[in-house]
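Visitor: What follows is a predicted structure for the sequence shown.
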Amino acid sequence: MRPMTIAGLAVLGLLIVLPFGLKGYGIYILSLWIVYSIAAMGLNLTLGYAGQVSLAQAAFLGIGAYTTALLMKAGYPFFVGFGLSAGICFGVGLILGYPALRVQHHFLAFVTLGFNALVWLVFRNEEWLTGGTYGLMGFSRPSFFGVSTNNPVVFYFFSLALFLLLAFVLWWIVRSPWGRAFQALRENPIRANSLGVDVRRMTLLAFAIGSAYGGMAGSLFAPLVEFIDPQSFMLDTSLMLLLMVIVGGSGHFFGPILGALLVILLPEWLRFTEGLYLIIYASLVIVLLAVCPSGLLGLYERTAAAVRARSSDRRESAGGSAP
Amino acid sequence: MNSASGNVLRVRGISKSFGGVHAVNDVSFDVQEGEVLGLIGPNGSGKSTLFDCILGQLTPDTGEVYVGGEAVAGKRPCDLNKLGIARTFQMLQVFPEMTVLENIILAGQEHHGGMLSRLFGKRDAGLTEEADEMIAFFRLSHLRDQRAGSLSYGQQKLLDVAMAFMAGPRLVMLDEPAGGVNLTMLESLKEHLKVFNEERGATFVVIEHNMEFVMALCSRILVLSNGAIIAEGTPEEIRNDPDVIEAYLGA
Ligand SMILES: Nc1ncnc2c1ncn2[C@@H]1O[C@H](COP(=O)(O)OP(=O)(O)OP(=O)(O)O)[C@@H](O)[C@H]1O
Ligand SMILES: [Mg+2]
């Protein structure tokens, strides 16, 4: 087995036994990590693979959360909310993709930032629907086949299962010719266009799929926290998701998952420093990004390549005839 | 349509200006099936702009372009590529983060199957073998799994041309393929073009400043000066045309 496969299985094993050794809050944090990972994975497709800057992922998290909460309050089963969240966010993401056909980079960042602000205003102001600043509560966690996910461990495994499914789907997409077309879009859209890549369609799809992941994450977020209000979906959440993608390694499949782990766990670990926590946290992020702008997985990849090069040098100089 | 048989491409009355600069001025010509057409002219004579107008990269102010008899006004570069026309740009353009193999597969994949089969079908769109052949044809096999960005300039230039070959076997339009390529590579590039032209029946339009390259390769040459065609003929005729000599010396 390749080392990556072994590492993957080990992590999976850990994820399965871990909740049994944790208290309620630990399980909650773990579940939160899974939910944010889904949203960050989506953003990684839009930004990391396809190169389209988006500061609106929190808006999609919110749309998914409110959609699911409202539908569950109205008595619909969870998966109706989940499916609808994905569908709505796919559609809205498609529309948000249109500006990206005209503007790029920092201009696009501002367009998507404006969109995030707009959605947040709707959450806050349309009290009849969203409860305004009071938010929404009173929707229960879903149950399947008579098993309620009210138990945090059960909900955790439920999230984990959905996460694995969504990760597989995304993995499939990025390894397919679509993934190559997305990457071409990031590296050189003009050349890609001349080689037959429908740049317009792929740009819109990159937004739509990434946003749908945001929506599905939001759909899990609502029953996890059991109370949602507009504050959870402000620009700072979008920035946090962006940080997850970049710290982990934008354009690397596991980057956002690792990034989400750090961004969520670090504050918990730094809790003992009390008032200093934010300063330490910010400094760590700055140092990390200064040392490896391509994120943790970028750093890992570079180191691994260097080690491989050195060992193959050694083999050659030793007169070996390795292929 | 009255597509004269054997015309892959017809260009009629293309003009394009940038502000006050008439980069291309009422240019018309045909490209016949199977020929290697040279497009030469002094710097700034509008050659690259003409390519961009033909291929949907720029919208011409006036004029029409027909591919196989069909008017292609308003079509995007990717649509034109799907009609079997591929190109290179004057500025080298490969995908530096992708490997040589991935670059070549990308160039071919959009011509295989539909949108959905590219998602659910084979990972490489069934192109690895074909791509490997193309890579071997350009003698890049030893670099197959290297990042394109790590190749030398000349190697990247070959890769760039190889991608165009992969993406449009019907008509290939090359903007200065020989620029920055050393003599041995130049010879092999010439060979590649010849083989592709003679054995696979591909048609070429080549912009080039290297006269030896153009004279050796092209069956017919167009000369552009100040955005207009001032001469057309065989390499022999062009070499001795006083207008052409004048345009080059007077430029
Ligand atoms: N995007 C642009 N904006 C303004 N002017 C342009 C633009 N592109 C080209 N031009 C002008 O159009 C004219 C023709 O340029 P073009 O690049 O087509 O020439 P060329 O024949 O390809 O030259 P070279 O042999 O140097 O590549 C030049 O005067 C150039 O300055
Ligand atoms: Mg030019």
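Guide: Arrived safely, thanks for sending. Residues are numbered from 1 along each chain as shown, chains lettered A, B, ... in the order given. Ligands and ions are numbered 1, 2, ... in the order given.
Visitor: Now for the residue in the stretch 51-200 of chain B that chain A sits nearest to: which residues touch it?
Guide: Residue nearest to chain A within the stretch 51-200 of chain B (Cβ to the nearest Cβ): B:Glu110, separated by 3.4 Å. C-beta coordinates here come from the backbone N, C-alpha and C atoms, glycine included. The neighbourhood of B:Glu110, defined by Cβ atoms under 8 Å, 6 or more residues apart in numbering or on different chains, consists of A:Ala181, A:Leu195, A:Gly196, A:Val197, A:Asp198, B:Cys78, B:Asn81, B:Lys82, B:Arg118, B:Ala167.
Visitor: In helices only, show me these.
Guide: When helices are assigned by DSSP state H, the members of the contacts of B:Glu110 inside them are A:Ala181, B:Cys78, B:Asn81, B:Lys82, B:Arg118, B:Ala167.
Visitor: Can I get those residues in CSV including pLDDT, neighbour count and distance to A:Gly91?
Guide: As requested, those are arranged in CSV below (pLDDT from 0 to 100; neighbours: other Cβ atoms under 10 Å in any protein chain shown; distance: Cβ to Cβ, whole Å):
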residue, pLDDT, neighbour count, distance to A:Gly91
A:Ala181, 97, 26, 21
B:Cys78, 96, 20, 24
B:Asn81, 95, 26, 29
B:Lys82, 93, 16, 27
B:Arg118, 87, 19, 22
B:Ala167, 91, 25, 32
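Visitor: Make CSV out of these and add distance to ligand 1.
Guide: Converted to CSV, those look like this (distance: Cβ to the nearest ligand atom, whole Å):
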residue, distance to ligand 1
A:Ala181, 27
B:Cys78, 20
B:Asn81, 21
B:Lys82, 25
B:Arg118, 33
B:Ala167, 22
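Visitor: So the residue of the stretch 51-200 of chain B closest to chain A versus B:Asn103, what's the distance?
Guide: The gap separating B:Glu110 from B:Asn103 is 13 Å, by Cβ to Cβ, to the nearest Å.
Visitor: do the same with B:His111
Guide: The gap separating B:His111 from B:Asn103 is 15 Å, by Cβ to Cβ.
Visitor: Any idea how many residues pack against the residue lying closest to B:Asn182 once chain neighbours are set aside?
Guide: The spatial neighbour of B:Asn182 that comes closest, neighbours along the chain excluded (Cβ to Cβ, 6 or more residues apart in numbering or on different chains), is B:Gly154 at 5.8 Å. For B:Gly154, the number of neighbouring residues by other Cβ atoms under 10 Å in any protein chain shown comes to 16.
Visitor: Would you mind listing the buried residues in stretch A:165-182?
Guide: Neighbour-count burial for stretch A:165-182, with 16 or more other Cβ atoms under 10 Å in any protein chain shown as criterion, is recorded at A:Leu166, A:Ala167, A:Leu170, A:Ile173, A:Val174, A:Ser176, A:Pro177, A:Trp178, A:Gly179, A:Arg180, A:Ala181, A:Phe182.
Visitor: My read is that the fourth one contacts A:Gly179, right?
Guide: Yes. Taking contact to mean Cβ atoms under 8 Å, the distance of 5.9 Å between A:Ile173 and A:Gly179 places them in contact.
Visitor: Next, the closest residue to ligand 1 within the stretch 101-250 of chain A: secondary structure please.
Guide: Evaluated by Cβ to the nearest ligand atom, the stretch 101-250 of chain A has A:Ile190 as its residue closest to ligand 1, separated by 12.8 Å. For A:Ile190, the reduced secondary structure class is helix; criterion used: DSSP: H, G, I helix; E, B strand; the rest coil.
Visitor: residues from the stretch 151-251 of chain B in reach of chain A?
Guide: Contact residues of the stretch 151-251 of chain B with respect to chain A, defined by Cβ under 8 Å from any Cβ of the partner chain, are listed as B:Met163, B:Ala167.
Visitor: could you point out where the stretch 151-251 of chain B is predicted with low confidence?
Guide: Counting by pLDDT under 70, the stretch 151-251 of chain B contains low-confidence residues at B:250-251.
Visitor: all strands of it, in order?
Guide: Assignment of strands within the stretch 151-251 of chain B using DSSP state E, counting those that start in this stretch yields the ranges B:171-175, B:203-207, B:220-225, B:228-233.
Visitor: Now mean neighbour count too, for those, in JSON lines please.
Guide: What follows is the strands of the stretch 151-251 of chain B, written out as JSON lines (neighbours: other Cβ atoms under 10 Å in any protein chain shown):
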{"stretch": "strand B:171-175", "mean neighbour count": "24"}
{"stretch": "strand B:203-207", "mean neighbour count": "24"}
{"stretch": "strand B:220-225", "mean neighbour count": "22"}
{"stretch": "strand B:228-233", "mean neighbour count": "16"}
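Visitor: So for the host helix or strand of A:Tyr25, what gets flagged as buried?
Guide: Assigned by DSSP states H and E, A:Tyr25 belongs to helix A:24-43. Neighbour counts over helix A:24-43 (16+ other Cβ under 10 Å) mark A:27-28, A:30-43 as buried.
Visitor: per-residue confidence averaged over it?
Guide: Averaged across helix A:24-43, the pLDDT comes to 96.
Visitor: Quick check: next helix or strand after it?
Guide: Proceeding N to C from helix A:24-43, the next assigned helix or strand is helix A:57-73, under DSSP H and E.
Visitor: Convert the helix or strand that that following helix is followed by to CSV, retaining C-alpha atoms only.
Guide: From helix A:57-73 onward toward the C-terminus, using DSSP H and E, the following helix or strand is helix A:78-100. Taking only C-alpha atoms (Å, rounded to 0.1, in the frame of the first residue of the first chain), the coordinates of helix A:78-100 have been written out as CSV:
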residue,chain,number,x,y,z
PHE,A,78,-33.7,16.7,7.2
PHE,A,79,-32.8,15.4,3.7
VAL,A,80,-35.4,17.6,2.1
GLY,A,81,-33.6,20.6,3.6
PHE,A,82,-30.2,19.2,2.7
GLY,A,83,-31.1,18.6,-0.9
LEU,A,84,-32.8,21.9,-1.3
SER,A,85,-29.9,23.7,0.3
ALA,A,86,-27.5,22.1,-2.2
GLY,A,87,-29.9,23.0,-5.1
ILE,A,88,-30.5,26.6,-4.1
CYS,A,89,-26.8,27.2,-3.4
PHE,A,90,-25.9,25.6,-6.7
GLY,A,91,-28.2,28.0,-8.5
VAL,A,92,-27.2,31.1,-6.6
GLY,A,93,-23.6,30.2,-7.0
LEU,A,94,-24.1,29.9,-10.7
ILE,A,95,-25.5,33.4,-10.7
LEU,A,96,-22.6,34.7,-8.5
GLY,A,97,-20.3,33.2,-11.1
TYR,A,98,-21.4,35.7,-13.8
PRO,A,99,-19.4,38.6,-12.4
ALA,A,100,-16.3,36.3,-12.5
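Visitor: Counting neighbours, which bits of helix A:78-100 end up buried?
Guide: Of the residues in helix A:78-100, those with enough neighbours to count as buried (16+ other Cβ under 10 Å) are A:78, A:81-86, A:88-90, A:92-94, A:96-97, A:99-100.
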